[in-house]
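Visitor: let's see this in three dimensions:
(one chain, ligands or ions: 1)
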Amino acid sequence: MKNAAATSAAAELPAVAAPGPTSDIEAAPARPATSGEGVVNAMSIDVEDYFHVSVFDGIVPRSQWAAMESRVCRNTERLLDIFDEFSVHSTFFVLGWVAERFPHLVSAIASRGHEIASHGYAHRLVYDQTPAAFRDDVRRAKRLLEDASGAAVGGYRAPSYSITPRSLWALDILIEEGYTYDASIFPIRHDRYGIPVSPREPFRIERSVGSIVEVPGSTVRVGPMNLPVAGGGYFRIFPYGWTRWGIERLNTLEQHAAVFYLHPWEIDPEQPRLSAGALSRFRHYRNLAKTESRLRALLTQFRFATVRQLLETKGLTTSDGPASAALPYLW
Ligand SMILES: [Zn+2]
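Guide: Model (predicted):
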């Protein structure tokens with residue numbers, strides 16, 4: 001019955017308009033304890049500090065990173081406590097730079113039952129690197145993460161979803177460096193990333209050097225467009241009701257899992273303020289004080305597991321799983 005109720009609730013929403021600005025968790029109507037029942041979504045955290053983010057490139061040069069006040073351990077431990085509270089296991093895409101300085105953080109994440117994956121070493125956009133530099137970056141991160149966690153690392157997510165039509169060569173390097181899945185392609189239009197024609201669900205990509213599973217950022221299909229729904233700025237800046245509506249729609253109408261993502265700094269309203277342009281400040285600081293309560297609402301209303309567990313349920317962790325998706329022409 002809950003499934004039917006959730007389906008009809010999602011279907012009643014207008015096809016294009018997102019919930020209005022007052023539709024946050026505080027004002028949201030009562031919902032079933034669990035929406036989208038039956039579908040287990042993937043939870044993921046990109047473990048980096050507030051000064052690592054791409055919008056602050058050039059404001060905090062890499063040479064100054066070590067001198068900055070670090071808040072990543074405290075914020076990540078807070079997330080670990082929240083996940084314990086809800087008995088949820090997540091994938092943590094950890095920046096190699098963080099793992100090098102705080103290996104105990106990586107081992108703590110792993111020992112609490114979560115999946116360790118790679119966010120690269122130095123948080124450089126893929127399409128700004130040479131293939132050789134990219135190879136060094138992902139190799140170094142993988143080694144640091146495996147040393148700290150004691151487990152094999154198979155997953156990778158690029159800074160700012162920066163695998164785009166001009167950096168598809170990165171998939172070959174990930175395969176050669178032993179990664180088994182990538183979560184760096186967002187099938188949307190955006191000023192800095194995205195391949196709008198790419199498939200919206202996890203799929204295997206065949207390349208000349210082997211194959212890799214792609215785990216796209218989650219979208220809802222509205223008319224001819226894919227709209228992002230599950231995490232980061234889309235979770236924090238838009239009203240909470242947008243994410244809830246989107247995941248519910250994915251889970252019930254499409255019977256697909258969402259892949260949600262968040263950063264530790266997004267639950268830290270006390271973080272030092274950096275001087276950046278107005279758009280960057282808006283993207284980074286908007287609604288920081290609301291994110292933790294929204295995350296708790298999300299964990300109450302939907303079911304989550306790790307990315308690896310999602311791929312296992314889809315038979316995408318072994319090469320004899322479902323056949324590769326037909327690739328768009330640009331591949
Ligand atoms: Zn990042």
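
Visitor: can we go C-alpha only for contacts and neighbour counts from here?
Guide: Will do.

Visitor: can you pull out the helices in the stretch 201-331 of the chain?
Guide: Using DSSP state H, counting those that start in this stretch, the helices of the stretch 201-331 of the chain run over 232-236, 240-252, 278-285, 288-301, 307-313.

Visitor: winner for burial among those?
Guide: Mean neighbour count, computed with mean count of other CA atoms under 10 Å, is highest for helix 240-252 among the helices of the stretch 201-331 of the chain, reaching a mean of 24.

Visitor: circling back to that earlier point, and residue 111, which of the helices of the stretch 201-331 of the chain is closest to it?
Guide: Among the helices of the stretch 201-331 of the chain, the nearest to residue 111 by CA to CA is helix 307-313 (16.3 Å).

Visitor: and that closest one, what does it pack against?
Guide: Using 3 or more CA pairs under 8 Å, 6 or more residues apart in numbering; DSSP states H and E as the contact criterion, the neighbours of helix 307-313 among helices and strands are strand 40-47.

Visitor: 10 Å instead, please
Guide: Applying 3 or more CA pairs under 10 Å, 6 or more residues apart in numbering; DSSP states H and E, one finds that helix 307-313 makes contact with strand 40-47, strand 91-94, strand 115-118, strand 181-182, strand 259-262.

Visitor: contacts only, for the residue nearest the centre of the chain.
Guide: The centroid of the chain falls nearest to residue 261 when counting by CA atoms, centre = their mean (3.2 Å). Applying CA atoms under 10 Å, 6 or more residues apart in numbering, we find residue 261 in contact with 42-46, 90-93, 217-218, 230-235.

Visitor: what pairs with it across the strands?
Guide: Beta-bridge partners of residue 261, counted by DSSP bridges, are residue 44, residue 231.

Visitor: and it, what pLDDT?
Guide: The predicted structure scores residue 261 at 96 on the pLDDT scale.

Visitor: ditto for residue 65
Guide: In this model, residue 65 is scored at 94, pLDDT.

Visitor: including distance to residue 107 and mean pLDDT, could the helices of the stretch 201-331 of the chain go into CSV?
Guide: Compiled in CSV, the helices of the stretch 201-331 of the chain are given as follows (distance: least, CA to CA, whole Å; pLDDT from 0 to 100):
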stretch, distance to residue 107, mean pLDDT
helix 232-236, 24, 89
helix 240-252, 31, 94
helix 278-285, 28, 87
helix 288-301, 24, 95
helix 307-313, 18, 96
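
Visitor: residue 204 is nearest to which of these?
Guide: Between residue 204 and those, the shortest separation by CA to CA is 10.5 Å, and it involves helix 307-313.

Visitor: surely residue 140 is in contact with residue 120?
Guide: Yes - counting by CA atoms under 10 Å, a contact exists between residue 140 and residue 120, whose distance comes to 7.9 Å.

Visitor: mind listing what residue 208 touches?
Guide: Shown in contact with residue 208 (CA under 10 Å, 6+ apart): residue 172.

Visitor: hey, which helix or strand in the protein has the poorest pLDDT?
Guide: Of all regular secondary-structure elements in the chain, judged by mean pLDDT, DSSP states H and E, the least confident is helix 2-12 with a mean of 36.

Visitor: residue 66: what's it in contact with?
Guide: With contact taken as CA under 10 Å, 6+ apart, residue 66 is in contact with 97, 101.

Visitor: returning to that earlier point: among the helices and strands packed on helix 307-313, which comes closest to residue 300?
Guide: Where the helices and strands packed on helix 307-313 are weighed against each other on CA to CA, the nearest is strand 40-47, at 12.7 Å.

Visitor: packing partners of the closest one?
Guide: helix 72-85, strand 91-94, helix 96-101, strand 115-118, helix 240-252, strand 259-262, strand 303-305, helix 307-313.

Visitor: can you list these in TSV and add distance to residue 284?
Guide: Converted to TSV, the helices and strands packed on strand 40-47 look like this (distance: least, CA to CA, whole Å):
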stretch	distance to residue 284
helix 72-85	15
strand 91-94	19
helix 96-101	20
strand 115-118	22
helix 240-252	17
strand 259-262	12
strand 303-305	25
helix 307-313	25
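
Visitor: what's the closest of the ones you listed to residue 288?
Guide: Ranking those by distance to residue 288, with CA to CA as the measure, places strand 259-262 first at 11.6 Å.
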